[in-house]
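**Student:** One predicted model, sequence on top.
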Amino acid sequence: MQNRIRFPGGWLGFLLMLPQLAITVLFFVWPAAQALWQSTQSQDPFGLATRFVGVDNFSALFQDPLYLGTVKTTLLFSALVTALGMGSALLLAAMVNQVRFGKRFYQTVLIAPYAIAPSIVAVLWLFLFNPSLGWISYLLRGAGYEWNHALNGGQALALVVMASAWKQVSYNFLFFYAGLQAIPASLIEAAAMDGAGPLRRFRDLVLPLLSPTSFFLLVVNLVYAFFDTFAVVDAATGGGPGKSTETLILKVYLEGFKGLDLGSSAAQSVVLMAIVGLLTVIQFRYVERKVQY
Amino acid sequence: MASSGFSPLVRLTAAAALTGVMASANAVTEITFWHSMDGALGDKVNSIASQFNASQKEYKVVPVYKGQYDESLAAAIAAYRSGNAPDIVQVFEVGTATMMQAKKAVKPVWQLMAESGEKFDEKAFIPAVAGYYADAKTGHLISMPFNSSTPVLYYNRDAFKKAGLPDAPPKTWPELAAAAAKLKASGLSCGYSTGWQGWVLLENFSTWHNLPYASLDNGFGGSKAVLQFNSPLHVKHIEFLQKMAKDGTFTYAGRKDEASAKFYSGECGIMTGSSGSLANIRKNAKFAFGMGMMPYYPDVKGAPQNAIIGGASLWVMGGKSAAEYKGVARFLKMVSSPAVAADWHQSTGYLPVVSAAYELTRQQGFYDKFPGADIATRQMMNKPPKPYTRGLRLGYMPQIRTVVDEELESVWNGQKAPKAALDSAVARGNELLRRFEKTAD
């Protein structure tokens, strides 16, 4: 303890932290505080008439039975996007890890979707699934399955889940692939010599060793599904049919930016912040315990 | 901001650029004009602006495309709040109530014209167009009508022939249903579809059938209006369409303009959609098509009455200098002159906003060359508008449209009965209206 290196004066440390603190305050704390303040106001879009309404915006929200429906849709949507995005990325990473020739090619191709703008992603998938022109819906019709996501809520949800997850697969793939390469080959070989088959090795060796990566990706993917998917959903279904693909973030966007209802939109983003904060706390408290570093 | 990081050369160039800007600013007054016209429409806006700029030396109109309607409105509001509002902004018709409520933020067009000493005849405008943007009490124009459209009916003439139908648009809803059934029997997968369902099937349906959409003259009479589109006739209409959806003669394509693609690809034989889609359909349809007025129910007294517009108008923002306002007034005057308005109408498919532009277009023989191009205008002028068929002036109208979309979708996919869906849409819409009312000062 005596020999610990100490920097003279606390101000230098503070000074070095200042840029990061400034960014945090400016881009995270300040907007969050603004949203909190805004959520207690009733205001016209131009800011000409502002009134303090306390928790009115929140109580209006929670009295709306449809809002609860949107919360449920969001949870389902986020769970599906995360599961599909991470599952397929893990599968692809494991397969690329086995490939002997053309590794670079697969890597490049699999990373490409990450560079595509969200609304373009939606348009691509819409082309595939367009009820009259898309070739996947055409094939489905040939197989006797009628695809029309404009009317069928389940199909619409499937469409936005696939499009949103597809966009995230590249990112997940990169991390899983790096994680797989960090696993010492000697461990795998030792297990193989002990008679463990590929599936057994994957389940009992690779997966546990990947758990830090998986945990990190779980957090990132859930945040992605909650916050970053509205452009895809907006372009693909606009929340419809009915409310079957309306997520919380889409509702914030539609009512705040398109509908100019600032009070309600702010209240909704505060609720969203609370939900995601809660989810993250749960993840770090309970899920992280199972992670082996 | 610290400037020490820049090299002397950069600073010199910046200074030179700045003086250049200031010098030109002394000579001409710049007028910023934010709009949402993309593609060919945007080119047309640019050409109107350069025409104006070439016609005089004092003012320079700078048109800027700011994204779609909701985006440019949000941008203009954000700019206003930070003190950098443009001089002119194009706002879609459903944003009208929001703009009118913001009295301090906008400059009424009639006032602008009066103060700048421009001669301005408000009677020159087509009444049903001007009515949408006029003050309910005084009748003065608050914003300048610019691009307006109404729903019209398109039909595939080749498909009609094949199905053994007469070469004429169905005039009434029963006729339309019968034609759709015949089209379907002749092998078409979709008889009838519509774009913009809320606008066509409820908003315009109301005024076309001489019914109010909301109380207090659809909100023109005050912000206490309540929605009324769940009347027996509205319910009957949606039941009629639900039946068509069930037997497969009406295909729901989506909330926006998706029906257009279904029509010009030949999949749907009949569609109702915006008159503004004409150019697009003309470009893509590989078959002969015809146009007609919106269908109506012949047993309804007073139908057809008149259509109401969609589209946008030009708003002048408040708090600008007198010099800028003078330029804005001159520019808006030019935009509404018969020659410019007629050219705009002919090249875009939007309505002529002044009666003289309609007459001019007729004299030029445009309607003989392009039959159907006058249908939108004829629907507007079908009968003089009544107090409750001038238009809609309801707050949070974009959200109300979404509510209507959601509820109608639940009818088309069979989850809800028409009456229950319309009742629920009205109840949810009224809640939005009460919220909007509270935001007013």
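**Tutor:** Done, it's in. Residues are numbered from 1 along each chain as shown, chains lettered A, B, ... in the order given.
**Student:** so how far is stretch A:128-140 from its chain's centroid?
**Tutor:** Remark: stretch A:128-140 is offset 27 Å from the chain centroid, using C-alpha atoms, centre = their mean, to the nearest Å.
**Student:** What's the nearest residue in the stretch 151-293 of chain A when you look at chain B?
**Tutor:** residue A:241 (3.9 Å; C-beta to the nearest C-beta). (Each C-beta comes from the backbone N, C-alpha and C, glycine too.)
**Student:** Just list the residues touching that residue, thanks.
**Tutor:** Contacts for residue A:241 were tallied using C-beta atoms under 8 Å, 6 or more residues apart in numbering or on different chains; they are A:149-153, A:156, B:406, B:409-410, B:412-413.
**Student:** Go again with 10 Å.
**Tutor:** Each residue near residue A:241 by C-beta atoms under 10 Å, 6 or more residues apart in numbering or on different chains is listed here: A:148-153, A:155-156, B:252, B:254-255, B:405-406, B:408-410, B:412-413, B:415.
**Student:** Which among those residues count as buried?
**Tutor:** Among these, the ones that count as buried by 16 or more other C-beta atoms under 10 Å in any protein chain shown are A:148-153, A:155-156, B:252, B:254-255, B:405-406, B:408-410, B:412-413.
**Student:** Restricted to helices, list the residues you listed.
**Tutor:** The helices in this structure, assigned by DSSP state H, contain A:153, A:155-156, B:405-406, B:408-410, B:412 from the buried ones among the contacts of residue A:241.
**Student:** any chance of those in a markdown table, plus pLDDT and distance to residue A:48?
**Tutor:** A markdown table is the format used below for those (pLDDT from 0 to 100; distance: C-beta to C-beta, whole Å):
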| residue | pLDDT | distance to residue A:48 |
| --- | --- | --- |
| A:153 | 92 | 40 |
| A:155 | 94 | 44 |
| A:156 | 95 | 39 |
| B:405 | 95 | 30 |
| B:406 | 94 | 31 |
| B:408 | 97 | 34 |
| B:409 | 95 | 36 |
| B:410 | 95 | 37 |
| B:412 | 96 | 40 |
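**Student:** Between these, which sits nearest residue B:99?
**Tutor:** Of all these, the one with the least separation from residue B:99 (C-beta to C-beta) is residue B:405, at 23.1 Å.
**Student:** Now do the helices in the stretch 51-200 of chain B.
**Tutor:** Along the stretch 51-200 of chain B, the stretches classed as helices by DSSP state H, counting those that start in this stretch are B:69-81, B:96-101, B:109-115, B:127-130, B:157-162, B:173-185, B:197.
**Student:** nearest to chain A, of those?
**Tutor:** With C-beta to the nearest C-beta, the closest approach to chain A among those belongs to helix B:69-81: 4.4 Å.
**Student:** which ones are touching residue 148?
**Tutor:** Since you didn't name a chain, this refers to chain A. By C-beta under 10 Å, 6+ apart, the neighbours of residue A:148 are A:129-132, A:137, A:141, A:155-156, A:241, B:251-254, B:413.
**Student:** The chain in question should be chain B.
**Tutor:** With contact set as C-beta under 10 Å, 6+ apart, residue B:148 has these partners: B:93, B:126, B:128-130, B:132-133, B:275-276, B:308-313, B:345, B:350-353, B:376-377, B:380.
**Student:** What's the separation between residue B:408 and residue B:196?
**Tutor:** Separation of residue B:408 from residue B:196 (C-beta to C-beta, to the nearest Å): 11 Å.
**Student:** joint contacts of those two?
**Tutor:** Joint contacts of residue B:408 and residue B:196 (C-beta under 10 Å, 6+ apart) are residue B:255.
**Student:** And the pLDDT at the closest residue in space to residue A:225 that isn't next to it in sequence?
**Tutor:** Using C-beta to C-beta, 6 or more residues apart in numbering or on different chains and skipping the chain neighbours, the partner closest in space to residue A:225 is residue A:78 (3.7 Å). The model reports residue A:78 with a pLDDT of 95.
**Student:** Can you tell me how far residue A:78 is from residue A:161?
**Tutor:** Separation of residue A:78 from residue A:161 (C-beta to C-beta) stands at 10 Å.
**Student:** residues shared between the contacts of these two?
**Tutor:** A:225, A:229.
**Student:** sorry, back to before: give me the number of residues near the residue nearest to residue A:225?
**Tutor:** 25 (other C-beta atoms under 10 Å in any protein chain shown).
**Student:** Provide a list of residues in contact with it.
**Tutor:** Contacts of residue A:78 (C-beta under 10 Å, 6+ apart): A:161, A:164, A:221-227, A:229, A:247-248, A:275-276, A:279.
**Student:** how about stretch A:198-215: buried residues?
**Tutor:** A:201, A:205-206, A:209-211, A:213-215.
**Student:** Start and end of it, how far apart?
**Tutor:** Start-to-end span of stretch A:198-215 (C-alpha to C-alpha, to the nearest Å) is 23 Å.
**Student:** residue contacts, residue 204?
**Tutor:** By default, I'm working from chain A. A:191, A:196.
**Student:** wrong one, I was asking about chain B
**Tutor:** Residues near residue B:204 by C-beta under 10 Å, 6+ apart: B:150-151, B:196, B:198, B:213, B:272, B:294, B:306-310, B:379, B:389.
**Student:** so of those, which ones are in helices?
**Tutor:** Per DSSP H, the subset of the contacts of residue B:204 in helices is residue B:379.
**Student:** for the contacts of residue B:204, which one is nearest residue B:79?
**Tutor:** The nearest member of the contacts of residue B:204 to residue B:79, counting by C-beta to C-beta, is residue B:310 at 24.9 Å.
**Student:** Model confidence for the residue lying closest to residue B:191 once chain neighbours are set aside, exactly?
**Tutor:** Nearest non-adjacent residue to residue B:191, counting by C-beta to C-beta, 6+ apart: residue B:180, 2.8 Å away. For residue B:180, the pLDDT comes out at 97.
**Student:** what about residue B:180, how many residues close to it?
**Tutor:** Residue B:180 is flanked by 26 other residues according to other C-beta under 10 Å.
**Student:** Was I right to think it contacts residue B:243?
**Tutor:** No: using C-beta atoms under 10 Å, residue B:180 is not in contact with residue B:243; the gap is 11.3 Å.
**Student:** that older thread, now, the buried residues of stretch A:198-215 that are in helices?
**Tutor:** A:201, A:209-211, A:213-215.
**Student:** where along the chain do the strands fall?
**Tutor:** By default, I'm working from chain A. Applying DSSP state E to chain A gives strands spanning A:41-43, A:50-52.
**Student:** Chain B is the one I meant
**Tutor:** So, for chain B - with DSSP E - the strands run B:29-35, B:59-65, B:88-92, B:106-107, B:144-149, B:151-156, B:190-194, B:268-274, B:289-292, B:310-317.
**Student:** Switch those strands over to a markdown table; also include mean pLDDT.
**Tutor:** Converted to a markdown table, those look like this (pLDDT from 0 to 100):
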| stretch | mean pLDDT |
| --- | --- |
| strand B:29-35 | 95 |
| strand B:59-65 | 96 |
| strand B:88-92 | 96 |
| strand B:106-107 | 95 |
| strand B:144-149 | 93 |
| strand B:151-156 | 96 |
| strand B:190-194 | 96 |
| strand B:268-274 | 95 |
| strand B:289-292 | 95 |
| strand B:310-317 | 95 |
